[in-house]
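In: the sequence and its predicted three-dimensional model are supplied below.
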Amino acid sequence: MSTLSVHDHSVAHHEDDHGHHHHKETFISKYIFSMDHKMIAKQFLITGITMAVIAMILSILFRIQLAYPDKAFPLLETLLGRFAPAGRLDSNFYLALVTIHGTIMVFFVLTAGLSGTFSNLLIPLQVGARDMASPFMNMLSYWFFFLASVIMLSSFMIQKGPASGGWTIYPPLSAMPKAMPGSGMGMTLWLISMVLFIASSLMGGINYVSTVLNMRTKGMDLWKMPLTIWAFFLTAVLGILSFPVLVAGVVLLIFDRSFGTSFYLSEIVLNGTQVQPFEGGSPILFQHLFWFLGHPEVYIVIMPAMGISSEIMSVNSRKPIFGYHAMVYSLIGITVLSFIVWGHHMFVTGMNPFLGGVFMITTLTIAVPSAVKTFNWLATLWRGNIRFTAAMLFAIGMVSFFISGGITGIFLGNAALDINLHDTYFVVAHFHLVMGSAAIFGMLAGVYHWFPKMFGRMMNERLGYLHFWLTFIGAYLVFFPMHFMGLDGVPRRYYAFTEFESMKQWLSVNVFVTWAAIMAAVAQTAFLFNFFYSIFFGKKATQNPWEANTLEWTAPVEHIHGNWPGDIPAVYRWPYDYSKPGADEDFIQQTVPLSQTMSSNLPHDFEDNPTGLEAHNKWVSTQKSNEEVK
Amino acid sequence: MMAQIQQEDKLNLAPKKFNMWIFIFTSFMLFAAFTSGFIVYAGGGKHGLDFKLPPVFLYSTIIIALSSITMFLASRAAKGLQFAKQRLYLWLTVALGTAFFAIQIYACWVLLISMKIYFINPNAAQSFVYVFIWAHLLHILAGLLLLINTLIRSYKNVAQVKNLFNMQMSSIFWHFVDIIWIYLYVFLLLNQY
């Protein structure tokens, strides 16, 4: 009786709320300054895709330079003007290209584009909340991100070009506006853009954590949350703890650049003649502050992809995720460990070898939770009833890249081997596979899987397959040869390293890699066409097209403010009851109470629930006695 | 009872208060980063703070600690529905906060400079003092705005749920900036030679 009254009450309350919101919804409040998490997710996604395409074009430009250092392409001058005089890429512009490519991909695509899209879309829908804790902050988070993107791109419009000290913006290069063209105005814009970006990231992250901890629906305890939510939650925690440290580093850098302090600068002579007034600073200090963010940042990039892949692989293997608790604990392990490994980026900074050894051990320890996850994914696939949807392929691709890129991490985490491998193409190959490709594949898997939830239509599967195979093969062809270049000592970020006598032989490999990159880039048109075409003309989606268990598929296809008409559904079971023996179908949604699935219940479904266990045992014994009668 | 739960749900107050706690974590990390930066820099061995902190910082510390007490009294008055008292103590907190702000400004724009301790300085350990104070003053400013907002709303007869919520938000933040200053002060004291 009492539950009934609760039900009535909240329906009434909600309808009131609903009508109230409909009343004043205008074009601006619906599509631009929207406070609805689903719309904000779409805004993040489309901005993220746009930034990804731009970053990809930048990478193709510098790949062309690497493959053809001697050739002039008049078209480049037409397109880029002063950045490509006489059809050849300017060397400073080359540095700007790698810098901005890295910045955009790491922060704007794989942090904001990935977390921003899927945390916003899935957290309220999968934990059963009407919206985020603070929808207003959520809206601000998107618009700060948008502003940051615009400022970052606007640095292409200024005379001296964008920042070009590498995405890690190490001082002294970044701290002295006269050090190189890219250290001037471009660097200033980079810093402004990043401060806005961090503000956006923090506002988003605060909301995600608060929503997950406070606004779960009835019955959704932490151990009933899908792994996507666990991953987004821990990612947000990482961001909250590490981004402020980057702010501190950047603030001190701004003081050095613009006020003349000496936090990072000491005894420097510029261009061989101009003695600078700085002394006593320590550029290594910046590296400490930067990598205290920078290393958690790579897990901010990969953990959402891990969560998304876990969910998609379980749904499409029609099997519970293997080792759900181990998956959660390994995510927590990665989160904790990520804060004590930053020194492995600094092995060759003259660090005390003992300290290097400590960082080496903590770094190699991360292999343990990573391997736990990998084996659990493989075990989830094992003897599953696999459906090879496009999303599933990308999720499997993510695991593939994570393995092949992760293995080289063991080499790089070794303080002794790092002396050889530091700042070579081996590093480039490593992080492009393990964090770049793997995270992008996780993101694409998420787009294919949750497209019906976002837009109410399906994407074309065939184009998805084409996109997957071309991208998968392309990415391996691009990054795999780089390992060998790195082992040979080819340094990263060089404009024309094939001019060195000892590295001449890598020119042919560079040509191969560039064409593979161009192929993979062209393949993305299949995705872009598929994505935008399907938004308007795709096949209409049903409510639960993948027959998945999680809460978002119990919400209606049409987006409504508040996500569910009437009551938010309550949750009775974990999200991975796929192919449960004795069940009528191969999936049981989280909203189905155990009392409706007597034939498939198992004793361990009733941990901490003695009444339920009693009922279960009674039912089982009745069944048995019925059998005997027969 | 039922209605009250619904009310909470509609305004989302608990999650919003939680947002404030998480924001405090981010702020804390910022100051942790600055002070760790100081430790790494001073640990390099070439430079340290190299001066004795003037007593003015002790006075400002006492003032900000007092403001925490008045803030606590204001919260207690608000809970006990004594709104006149609540406003009085809020006014006191704002006044003490402003006094703290003024003293800190005086300390770094007049006193430290008269001691020939400059922001633009080859010894960055001394520049760090300025960074600590400025970053903290920024938080004080935010705290004061929050307090003034609460104060203005307390005159407008908002619902007690909202009034208490405003009080809690500003007191969480105000106690936090207080504790951060004590942390910075003790940190500087321990490193002053």
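Out: Received, thanks. Nothing here was measured: the structure is a model prediction, and the numbers come from that model. Numbering: from 1, shown residues only, chains lettered A, B, ... in the order given.
In: what is the least confident helix or strand in chain A?
Out: Here the helix or strand of chain A ranked lowest by mean pLDDT, DSSP states H and E is helix A:2-23, holding a mean of 41.
In: chain center to the helix or strand that contains residue A:232: distance?
Out: Per DSSP states H and E, residue A:232 falls inside helix A:227-258. Distance of helix A:227-258 from the chain centroid (C-alpha atoms, centre = their mean, to the nearest Å) equals 15 Å.
In: equivalent analysis for stretch A:606-618, please.
Out: Centroid displacement of stretch A:606-618 relative to its chain, using C-alpha atoms, centre = their mean, is 41 Å.
In: now do the buried residues in it.
Out: A:606, A:612, A:613, A:615, A:616 (16 or more other C-beta atoms under 10 Å in any protein chain shown). Any C-beta I mention is one placed from the backbone N, CA and C, and that applies to glycine too.
In: circling back: the helix holding residue A:232 - contacts with which helices or strands?
Out: With contacts defined as 3 or more C-beta pairs under 8 Å, 6 or more residues apart in numbering or on different chains; DSSP states H and E, helix A:227-258 has these neighbours: helix A:117-127, helix A:185-214, helix A:283-317, helix A:324-337, helix B:13-43, helix B:124-155.
In: helix or strand for the residue lying closest to residue A:146 once chain neighbours are set aside, just tell me which one.
Out: Spatial nearest neighbour of residue A:146, chain neighbours left out: residue A:47 (6.2 Å); criterion: C-beta to C-beta, 6 or more residues apart in numbering or on different chains. Secondary structure from DSSP H and E places residue A:47 in helix A:37-67.
In: return the following helix or strand past that helix as PDB; C-alpha atoms alone will do.
Out: Tracing the chain C-terminally past helix A:37-67 and defining elements by DSSP H and E, one meets helix A:74-80 next. Extracted in PDB, the C-alpha atoms of helix A:74-80 (Å, rounded to 0.1, in the frame of the first residue of the first chain):
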ATOM      1  CA  PRO A  74      52.200  23.600 -55.000                       C
ATOM      2  CA  LEU A  75      48.800  22.700 -53.700                       C
ATOM      3  CA  LEU A  76      50.000  23.000 -50.100                       C
ATOM      4  CA  GLU A  77      51.000  26.600 -50.700                       C
ATOM      5  CA  THR A  78      47.600  27.300 -52.100                       C
ATOM      6  CA  LEU A  79      46.000  25.800 -49.000                       C
ATOM      7  CA  LEU A  80      48.300  26.900 -46.300                       C
END
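In: hang on, the earlier thing: next, the angle from the helix holding residue A:232 to helix B:13-43.
Out: Counting by axes from the mean of the first three to the mean of the last three C-alpha atoms, to 10 degrees, helix A:227-258 lies at 50 degrees to helix B:13-43.
In: pLDDT averaged over helix A:227-258 - what is it?
Out: Mean per-residue pLDDT for helix A:227-258: 95.
In: ok, and does the helix or strand that it is followed by reach over to chain B?
Out: As assigned by DSSP H and E, the chain's next helix or strand after helix A:227-258 is strand A:269-270. No. Strand A:269-270 stays clear of chain B (C-beta under 8 Å from any C-beta of the partner chain), getting no nearer than 15.9 Å.
In: now the following helix or strand past the least confident helix or strand of chain A, how far from the centre of its chain.
Out: Next in sequence after helix A:2-23, counting helices and strands by DSSP H and E, comes helix A:27. Remark: helix A:27 is offset 30 Å from the chain centroid, using C-alpha atoms, centre = their mean.
In: near chain B, which residues of the stretch 251-400 of chain A?
Out: Counting by C-beta under 8 Å from any C-beta, the stretch 251-400 of chain A sits next to chain B at A:251-252, A:255, A:259-263, A:278-282, A:284-285, A:288-289, A:292.
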